[in-house]
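Enquirer: need a structure here:
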Amino acid sequence: MAVARRRHQRGIGYLTLLLLVFLLSLGAGKAMEVHATRVQREREAELVDVGSRYREAIKSYYLSAPDGQRKYPSRLEDLLKDSRHLVVRRYLRRLDPDPMTSQPFTPLMAPQGGIWGVASRSPKAPLRLRRPDGVIANGAAPRSYGDWRFVYDGSDR
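Expert: Residues are numbered from 1 along each chain as shown. Here you go, the predicted structure:
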């Protein structure tokens, strides 16, 4: 009788182990997904912060024209060292890269010449449903971070 019972119970331990491995892999997959979303949210917030700093630096450069002839910087490096004044002005400490791609931002050219903003090079879809403050979206609903434009258009807002 004991021998018959052992034969009948063979494989239960193996099935239990398979079920446990399956559940652990599901949990690990979900944890990785949550981590990836958290990292993307952090980078998205950093993108808004860095892009807003570029926008404010361009605004300061534009508004601080020494001769009253306001113009946008011809290159982003002009934000690091503005030699139009007797005392050199610095609007940015360094040209931070795009947090989403770790590459330089794409400069956006103003219709009247110069750089009036920057944009990300990332093709990833944003997690935010609403665009952040200070961001001009290219189109009604931005499909990628590259559609977020950090632009100073010369208005006093």
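
Enquirer: avg pLDDT for stretch 120-137?
Expert: The average pLDDT for stretch 120-137 rounds to 79.

Enquirer: how near is Tyr72 to Arg143?
Expert: Note on Tyr72: its distance to Arg143, by C-beta to C-beta, to the nearest Å, is 27 Å. For every residue, glycine as well, the C-beta is placed using N, CA and C.

Enquirer: Give me the secondary structure label for the residue nearest to Ile136 when sequence neighbours are not counted.
Expert: Counting by C-beta to C-beta, 6 or more residues apart in numbering, Ile136 lies nearest to Arg149, which is 4.2 Å off, once chain neighbours are set aside. Each residue gets one of three states, and Arg149 gets strand by DSSP: H, G, I helix; E, B strand; the rest coil.

Enquirer: Quick one, grab the pLDDT at Arg149.
Expert: In this prediction, Arg149 carries a pLDDT score of 89.

Enquirer: partners of it in the sheet?
Expert: Per DSSP bridges, the residues bridged to Arg149 are Ala119, Ile136.

Enquirer: about what we covered before: between Tyr72 and Arg143, who's got more neighbours?
Expert: Legend: neighbour count by other C-beta atoms under 10 Å for Tyr72 and Arg143, higher for Tyr72 (21 against 13).
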